[in-house]
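In: sequence unknown, structure follows:
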């Protein structure tokens, strides 16, 4: 698709140059030839994952410690005996579906000279933010209460479009300060119980990639964990017969069994898209995880990845969108789930009034003379707007300060008036008595008697309390 070289298109491209979503600019989709106004309204986040850790089952320890052998285990210097005291580490990873996944478990030697934390929680998942759960002591089937957290799906986190989003889980056993202090004791990744991952891309898309079936909003999953990335015991060593001095080559055995499962972890996961809720006549675009990378796919994607779409109708979680075919002027429709798109342009009644007010100018600009004048004056007007922007912002700030001061003054006057009115009415009605001076004396005497009685009762109560103490 050829890019337009007009002033408006160049300005729109500059506005998206440093943004992760470089949506193609279309003058038919933009409001009055301006850049998309809602392109960045999500504040750099596509959505949020809400994860709740529920429980784990059948956790198995695959290492041993000298401090947990024989009578040493009764000294409390190691937890590597009996039921496991475990915790989980969560993180997000973005994988290319066309590449072979690389094992994520590193060996203890990769820790170098770095000293792990006292509880063995120094491991991290790649470079993505991680969340560590509390430690559940001495249980092979631990249950976590109220362990829930969130992960923001940041825009630009995916290195390329179309990557799959995986939730990575690492289960490890807690350690003592003595084990971390003594050299040679299992620490860090050596205390790992297992690693597991769950593909949550379909949850983001709202439907299954294989069948197209709509998925529920919450996923309840049991994730198996195992010690991946370690060499299999069934590996054979083959030597080169032609060159005996060549180094041996490790050959995989014919039997390719998966690594043994060392436990299961149960989680509840939900995904909530952020931003404006799409409505008919909105201009939308595909999120990065819903776009297909043309450089890695074997065929051209059905929907151009960066093409804006027009929402025609919405039913439930699905939208009927219209888009223009690449290289042609024809349009076609596609059904898209709400999770896969975000709003980049929305017009309202103010925009309609603006268009109506500028209708005479549009008629003038439709003429050849008007187009020539607009093309020549456009850059000057844009530069003038940039120069006047500080003054406009200063005026807006002064206006907001004056408005706030005025509203505060009006509120203070109202509060003072109501207070004076209440005090005045009470002072006028407090001393009014229709029965005259005698009734007033009688009332005063009765009030004095009540005060004396209350003093006596208060004194008696205080004495009684004192006696009780």
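Out: Yep, it's here. Not measured: the values here are computed from a predicted model.
In: by contact count, what packs against the helix or strand hosting residue 48?
Out: According to DSSP states H and E, residue 48 maps onto strand 45-57. When contacts are defined as 3 or more CB pairs under 8 Å, 6 or more residues apart in numbering; DSSP states H and E, strand 45-57 sits against strand 86-95, strand 143-154, strand 164-173, strand 261-273. Every residue, glycine included, has its C-beta placed from N, CA and C.
In: quick one: strands adjacent to the third one?
Out: Taking DSSP bridges as the criterion, strand 164-173 forms sheet pairs with strand 86-95 (antiparallel), strand 192-199 (antiparallel).
In: adding distance to residue 298 and mean pLDDT as columns, could you present these in CSV?
Out: Listed next are those as CSV, based on distance: least, CB to CB, whole Å; pLDDT from 0 to 100:
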stretch, distance to residue 298, mean pLDDT
strand 86-95, 18, 93
strand 192-199, 21, 92
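In: do you know which of those lies nearest residue 368?
Out: Closest of the strands paired with strand 164-173 to residue 368 is strand 86-95, at 51.1 Å (criterion: CB to CB).
In: what pLDDT, on average, does the helix or strand following the closest one get?
Out: Toward the C-terminus, strand 86-95 is succeeded by strand 130-132 as the next helix or strand (DSSP H and E). For strand 130-132, the mean pLDDT works out to 92.
In: can you tell me what sits against strand 130-132?
Out: 51, 87, 88, 89, 90, 91, 121, 124, 149, 151 (CB atoms under 8 Å, 6 or more residues apart in numbering).
In: state the distance from the fifth one to residue 155.
Out: If I follow you right, that is residue 90. Distance, residue 90 to residue 155, by CB to CB, to the nearest Å: 21 Å.
In: which one of the two has more residues nearby?
Out: residue 90 (22 against 18; other CB atoms under 10 Å).
In: count the neighbours of the residue lying closest to that one once chain neighbours are set aside for me.
Out: Spatially, and ignoring its direct neighbours in sequence, residue 90 is nearest to residue 131 (4.8 Å; CB to CB, 6 or more residues apart in numbering). When neighbours are counted by other CB under 10 Å, residue 131 registers 16.
In: what's the answer for residue 349, then?
Out: 7.
In: quick check: phi and psi at it.
Out: Main-chain dihedrals, residue 349, degrees, to the nearest 10: phi -70, psi -30.
In: if I look at it, how far off is residue 276?
Out: 16 Å.
In: rewinding a little: report the rounded mean pLDDT for the strand holding residue 48.
Out: For strand 45-57, mean pLDDT rounds to 95.
In: okay, now the sheet partners of that strand, with direction.
Out: By DSSP bridges, strand 45-57 pairs with strand 143-154 (antiparallel), strand 261-273 (antiparallel).
In: hey, which of these is tucked in deepest?
Out: The highest mean neighbour count among the strands paired with strand 45-57, using mean count of other CB atoms under 10 Å, belongs to strand 261-273: a mean of 19.
In: rewinding a little: residue 319: which of the contacts of strand 130-132 is nearest?
Out: residue 151 (25.5 Å).
In: OK, contacts around that closest one?
Out: 48, 49, 51, 90, 92, 129, 131.
In: and the residues you listed as CSV, adding distance to residue 41?
Out: Shown next, in CSV, are the contacts of residue 151 (distance: CB to CB, whole Å):
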residue, distance to residue 41
48, 15
49, 20
51, 25
90, 28
92, 23
129, 23
131, 27
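In: which of those residues ranks first by neighbour count?
Out: That'd be residue 90 among the contacts of residue 151, by other CB under 10 Å, with 22 neighbours.
In: what's near enough to touch it?
Out: Contacts of residue 90 (CB under 8 Å, 6+ apart): 51, 53, 125, 130, 131, 132, 133, 149, 151, 167, 168, 169.
In: quick check: beta-bridge partners of it?
Out: Those that pair with residue 90 in a beta bridge, by DSSP bridges, are residue 131, residue 169.
In: equivalent analysis for residue 336, please.
Out: As for beta bridges, residue 336 partners with residue 319 under DSSP bridges.
In: what about it, how many residues nearby?
Out: 24.
In: surely it and residue 317 touch.
Out: No. Applying CB atoms under 8 Å, one finds residue 336 not in contact with residue 317, separated by 10.0 Å.
In: low-confidence ranges, the stretch 51-200 of the chain, go.
Out: For the stretch 51-200 of the chain, residues meeting the criterion pLDDT under 70 lie at 63-81, 100-128, 176-190.
In: and the closest residue in space to residue 147 that isn't next to it in sequence, how far from residue 133?
Out: Among residues not flanking residue 147 along the chain, residue 53 sits closest, at 4.3 Å (CB to CB, 6+ apart). Going from residue 53 to residue 133 by CB to CB gives 5 Å.
In: ok, the two, which is more surrounded?
Out: For residue 53 versus residue 133, neighbours defined as other CB under 10 Å are more numerous around residue 53 (24 against 21).
In: who touches the more buried one in this structure?
Out: 88, 90, 133, 144, 147, 148, 265, 266, 267.
In: would you map the helices across this protein?
Out: Per DSSP state H, the chain carries helices over the ranges 7-15, 177-181, 201-205, 349-357, 359-365, 368-430, 436-468.
In: about what we covered before: identify the contacts common to residue 53 and residue 133.
Out: Common neighbours of residue 53 and residue 133 (CB under 8 Å, 6+ apart) are 88, 90, 144, 147.
In: nearest to residue 379, out of these: which one, please.
Out: Checking these against residue 379 with CB to CB, the nearest one is residue 90 at 50.9 Å.
In: was I right about residue 303 contacting residue 322?
Out: No. Look at residue 303 against residue 322 with CB under 8 Å: they stay out of range, at 11.2 Å.
In: much appreciated, bye for now.
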